[in-house]
Structures are given as structure tokens and as C-alpha cells.
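Asker: next input, structure requested:
(one chain, ligands or ions: 1)
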Amino acid sequence: MSEMIEKRNMYKDIEDEMLLTKEQIAKRVREMGAQITKDFAGKDLTVICILKGAVVFFVDLIREIDLPMSLDFMAISSYGSATKSSGVVRILKDLDKPINGRHVLVVEDIVDSGMTLSFLKENLLSRGAASLHIVTLLDKPERRRVPLKADYYGFTIPDAFVVGYGLDYDELYRNLPDIGILKPEVYEK
Ligand code: 5GP
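Answerer: Model prediction:
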């Protein structure tokens with residue numbers, strides 16, 4: 001009972017029509033995992049989770065990749081307003097292990113302006129990785145400010161601020177199992 005009330009509380013700030021349900025997400029994550037399994041067979045793979053937004057996608061995706069892999073984590077913060085990134089990126093937690101000679105797969109939640117991933121790509125490539133590929137669950141191509149292309153995309157979405165499945169607003173809604181559009185009145189007030 002208390003669980004249901006909690007859920008209603010979380011969903012009340014989300015537009016009625018859910019953008020992506022947990023079933024749609026799970027199906028797509030399975031497909032992406034199968035593709036990555038094919039593409040990286042026989043390679044020394046390091047999969048990097050970009051904290052915190054990508055964490056839910058990451059834990060689901062790695063279990064759909066049937067290959068040996070090392071995991072690592074990087075936390076970054078992008079200066080800007082709560083709903084728009086400025087492209088100025090600060091590393092809050094760096095990788096634990098060097099990545100030189102490794103085939104690196106960076107797992108990100110969403111590509112918006114592309115500024116965060118451009119910075120990360122350059123930063124990680126300078127460390128001597130054998131290869132660097134980017135996988136993102138969501139893509140908002142309309143908002144791109146730098147020409148950034150990921151290698152694997154889950155879904156293309158319209159220009160709206162979304163939360164759930166790891167994505168937050170002010171640290172909330174990350175635990176929502178689906179992905180929905182946050183009602184503008186939540187961040188405009
Ligand atoms: P970019 O540098 O590509 O503009 O922004 C990437 C980061 O901005 C993402 O990793 C994510 O943290 C945040 N972001 C961009 N769009 C959204 C969105 O619609 N919802 C949420 N919760 N975060 C977003």
C-alpha cells in the first residue's frame with residue numbers, strides 16, 4: 001500500500017503519456033547488448049559507466065553483453081543550469097585503472113548538446129585506448145551544438161526534458177522504472 005502511494009508521488013510530476021516504458025527499454029537494451037557482443041568478440045573490453053545518470057542503463061546493458069569485461073566508473077559534472085549543460089565539464093571521480101591498450105566502451109544516458117561527450121572522448125582518447133566507442137540510451141539530435149556521434153543509440157527522442165531510468169532532475173526521479181517527460185512547471189517554479 002505504502003509502495004503504491006510512493007509511486008503515485010513520483011509519477012505525478014511526469015506527463016501522462018510515458019515516453020518509454022520499462023518493457024520498451026528492456027527490449028532495446030537486449031538488442032544493443034547482442035550487437036555489442038558481436039562487435040567486441042575477442043577484444044579486451046573495458047566498459048565505463050558515466051555516473052550517475054547512466055547507472056541504471058549500465059547495470060542492465062552489461063548483463064546483456066556476453067563477453068568478459070572490466071568495469072570502471074567516472075563521475076563528471078557539467079556546469080550549467082539544472083536542465084541545460086554548459087559544456088564545461090569537471091571530473092569528480094576518475095577511472096580506477098589505466099585504459100591504454102584496452103577497447104573502451106563508454107556508457108552514457110543521453111546525448112543532448114554533445115558537449116559532455118566531446119570532452120570525454122578527447123580526454124579518454126588521450127590516454128591511449130586501443131579503441132573508443134560510445135553507447136548512449138537516448139539521443140536528442142535537435143539540440144546538438146557540436147558534431148558528436150555515438151556508435152550505439154537506444155532511442156531518438158524529441159527536445160524535452162526527460163527523467164527516469166537513471167536520469168534525474170535535482171537528484172530525483174532516477175529510480176523511476178520508465179522514462180517520462182518532466183512537467184515544465186516542476187522546473188519552472
Ligand atoms: P550534453 O553535454 O550532451 O548537452 O548533456 C549531456 C548530459 O546532460 C547528460 O549526461 C545528462 O546528464 C544531461 N541531460 C541532457 N538532457 C537531459 C534530459 O532530458 N534529462 C535529464 N535528466 N538530463 C539531461
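Asker: check which helix or strand the residue nearest the centre of the chain maps to.
Answerer: Centroid-nearest residue in the chain, with Cα atoms, centre = their mean: D109, separated by 1.2 Å. For D109, the host element (DSSP states H and E) is strand 103-111.
Asker: quick check: mean pLDDT across that strand?
Answerer: Mean pLDDT, strand 103-111: 97.
Asker: next SSE after that strand?
Answerer: Next along the chain after strand 103-111, taking DSSP H and E as the criterion, comes helix 115-125.
Asker: can you give me the strands for this protein?
Answerer: Assigned by DSSP state E, the chain shows strands spanning 45-51, 69-81, 84-93, 103-111, 131-139, 152-156, 162-163, 180-181.
Asker: quick one: list the elements packing against the second one.
Answerer: Going back to what we said before, that points to strand 69-81. For strand 69-81, the packing partners by 3 or more Cβ pairs under 8 Å, 6 or more residues apart in numbering; DSSP states H and E come out as strand 45-51, strand 84-93, helix 115-125. Bear in mind the C-beta positions are built from the backbone N, C-alpha and C, glycine included.
Asker: that older thread, contacting residues around the residue nearest to the centre of the chain?
Answerer: Counting by Cβ atoms under 8 Å, 6 or more residues apart in numbering, D109 makes contact with I50, G53, A54, F57, T136, L137, L138, G166, L167.
Asker: just give the closest residue to it, not the sequence neighbours.
Answerer: Excluding the flanking residues, the one nearest D109 by Cβ to Cβ, 6 or more residues apart in numbering is G53, at 3.7 Å.
Asker: can you check T21 too?
Answerer: According to Cβ to Cβ, 6+ apart, the nearest residue to T21 is D178 (5.1 Å).
Asker: what count of nearby residues applies to the nearest residue to G128 once chain neighbours are set aside?
Answerer: In space, and not counting its chain neighbours, G128 is closest to N100: 3.6 Å by Cβ to Cβ, 6+ apart. Applying other Cβ atoms under 10 Å, we find 9 residues neighbouring N100.
Asker: with R28 instead?
Answerer: Applying other Cβ under 10 Å, I find that R28 has 15 neighbouring residues.
Asker: that one reaches G154, doesn't it?
Answerer: Yes - proximity of R28 to G154 meets the contact threshold set by Cβ atoms under 8 Å, at 5.0 Å.
Asker: one step back: neighbours around the residue nearest to T21, how many?
Answerer: 17.
Asker: same deal with the one 3 residues further on?
Answerer: Using other Cβ under 10 Å, I181 has 19 neighbouring residues.
Asker: same question, D60
Answerer: Around D60 there are 19 residues (other Cβ under 10 Å).
Asker: what ranges of this structure fall below the confidence cut-off?
Answerer: Within the chain, the ranges that satisfy pLDDT under 70 run 1-8, 79-87.
Asker: can you name the residues of it that neighbour the ligand?
Answerer: Within the chain, the residues that sit near the ligand (Cβ under 6 Å from any ligand atom) are 53, 78, 85, 87, 108-116, 161-163, 167-169.
Asker: understood, closing this out.
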